[in-house]
Each structure stands twice: as structure tokens, then as C-alpha cells.
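A.B. asks: Quick check, what structure comes out for this input:
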Amino acid sequence: MLLELAPEWTIDLDRGPDWLFIRLRPPSGNVRGSGAAEVPLAEKIFQHLEQAFCYRLVLEMDDVRLLRSWMVGELVRLHKRVVTHGGTLRLCGLSPASEAALQACRLFDHFPAFENRHDAVMGCNPRKPR
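C.D. replies: Have a look, this model is predicted:
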């Protein structure tokens, strides 16, 4: 299901057994991550979790080429809210640049990168920081 998240940001939302899958889609002119406007991603995504009564989330980041500092902050906010509700947040499809951004912020241990949705759900084969 394609939903508008914030101005020009959309998400693909899928539900699986005990998991919610959200693929972030930045504005089309900013697919490479440059110049994307700051939006309250954590709050908007958490609203979908509450509506689904599900706090196990896989964020599919294939279309986000670079995690900007504000996006890292939003991931940290979202992670805190999800964990507070006894849930799990996992990322997959991170670009090498996004992995490097998490590593530089020393957050790679909090957000291990998985190759795909299946690996993220199973918690197997997380990629190691480069």
C-alpha cells in the first residue's frame, strides 16, 4: 500500500505476521538524498505502528541513498519509541554511504544492516561495518 508520509515523501506499507514493513521513498528529485527537506519521520512512522498495533518494524531503505544527519536523528527517535513499546526496529537495503554515516555516528550496533527483508526478520547475516 502506497501512502503519503510527509510532503513529497511516500512509503510502501506491507504487513506480515507480527511485522510491519515500510519502504521509505524520498521526494523523486532527491532519490540520491541531496537536499531532501527535513520531515518528522519518526512521528509519522510510529503513528502507523500504533494503528497496526505492531511494534516490530523493518525499514527498507533501498531508495534512500544517503542518510542525512536529520534522518539519523529521526532513526534514533523512532528506535527509542519502538524499544519503549517492547518492539524491534531493523533496517535493510542501506547504501554503502548510509552504512558509513551510521558507522561515523557510532550507531551501527543499534541499527545493524541487513541485505533484505527476510534477513532482517530472521535477524540473520547482518552486514558488518566497513
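A.B. asks: Every contact and neighbour count from this point should use C-alpha atoms.
C.D. replies: Fine.
A.B. asks: The protein: helices as residue ranges?
C.D. replies: Taking DSSP state H, the helices of the chain run over residues 41-52, 69-84, 96-104, 117-122.
A.B. asks: The second one - what's its average pLDDT?
C.D. replies: Put plainly, it is helix 69-84. If you average the pLDDT over helix 69-84, you get 94.
A.B. asks: could you dump that helix to CSV, C-alpha only?
C.D. replies: Presented in CSV, the C-alpha positions along helix 69-84 are these (Å, rounded to 0.1, in the frame of the first residue of the first chain):
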residue,chain,number,x,y,z
SER,A,69,22.1,13.9,9.9
TRP,A,70,18.5,14.8,10.5
MET,A,71,17.5,11.4,9.2
VAL,A,72,19.9,9.7,11.6
GLY,A,73,18.3,11.7,14.4
GLU,A,74,14.8,10.6,13.3
LEU,A,75,16.0,6.9,13.3
VAL,A,76,17.3,7.3,16.9
ARG,A,77,13.9,8.9,18.0
LEU,A,78,12.0,6.1,16.3
HIS,A,79,14.3,3.4,17.8
LYS,A,80,13.7,4.8,21.3
ARG,A,81,9.9,4.8,20.8
VAL,A,82,9.8,1.3,19.4
VAL,A,83,12.0,-0.2,22.1
THR,A,84,10.0,1.6,24.8
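A.B. asks: So which bits of that helix are buried?
C.D. replies: Neighbour counts using 16 or more other CA atoms under 10 Å place 71-72, 74-82 of helix 69-84 among the buried residues.
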